[in-house]
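A.B. asks: here you go, sequence then predicted model.
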Amino acid sequence: MDQTEQKKVDTRLGQFILEEDKSIHFPRGLIGMERFKEFALLQIKPDSPFLLLQSLDDSRLGLLVADPFSFIREFEVRLSSVEENVLQVEDKKDLAIMVTVSIPSGNPESATLNLSGPIVINSKKKLGLQSVQAEPGTRSRVLLSELKSVPDHSDITHL
């Protein structure tokens, strides 16, 4: 029987148990955090569109992320050929898309999804990057309170 190594991961939300093969390598890091390369997507609550993208290099660094398709059906991410090479894309169905969530201190009703810097993960290769989207006329942020959850979205790739 194949046994997967497990690792305890400390986060600001408590301790999680992570299988070693679940880490995701970000060759370029994330925007503003380029020196951190190893992350994991941690489920905060079952069936929630929100996850924690936790640095495995620094336990103090974790970003709240969300599946944008749970809120916005028409969301689209354009990757350059260089980005596709970094992610080693063989099949776009292997890509998971996440966006960061900002929650102002003391004002959770003003939480926003950041649409201008989605995080793209090749779930098969365990590679990720943050892709700047600079389409003219598109919104860079959207208030969560303006959106309704899309409960029947089932074609997103989850890790």
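C.D. replies: All right, it came through fine.

A.B. asks: list the contacts of stretch 92-102.
C.D. replies: 41, 50-51, 53, 63-69, 75, 77, 87, 89, 111-115, 117-125, 141, 144, 156-159 (CB atoms under 8 Å, 6 or more residues apart in numbering). Where you see a C-beta, it was placed from the backbone N, CA and C, and this is true even at glycine.

A.B. asks: would you mark the buried spots in it?
C.D. replies: 94-101 (16 or more other CB atoms under 10 Å).

A.B. asks: which of the contacts of stretch 92-102 are buried?
C.D. replies: Counted by 16+ other CB under 10 Å, the contacts of stretch 92-102 give 41, 50-51, 53, 63-69, 75, 87, 89, 111-115, 117-124, 144, 157, 159 as buried.

A.B. asks: go through those residues and flag which are in strands.
C.D. replies: 41, 50-51, 53, 63-66, 112-115, 117-122 (DSSP state E).

A.B. asks: who's the residue nearest to the spatial centre of the chain bridged to?
C.D. replies: Per CA atoms, centre = their mean, the C-alpha nearest to the average position across the chain is that of M98, at 3.6 Å. Counting by DSSP bridges, M98 is bridged to I119.
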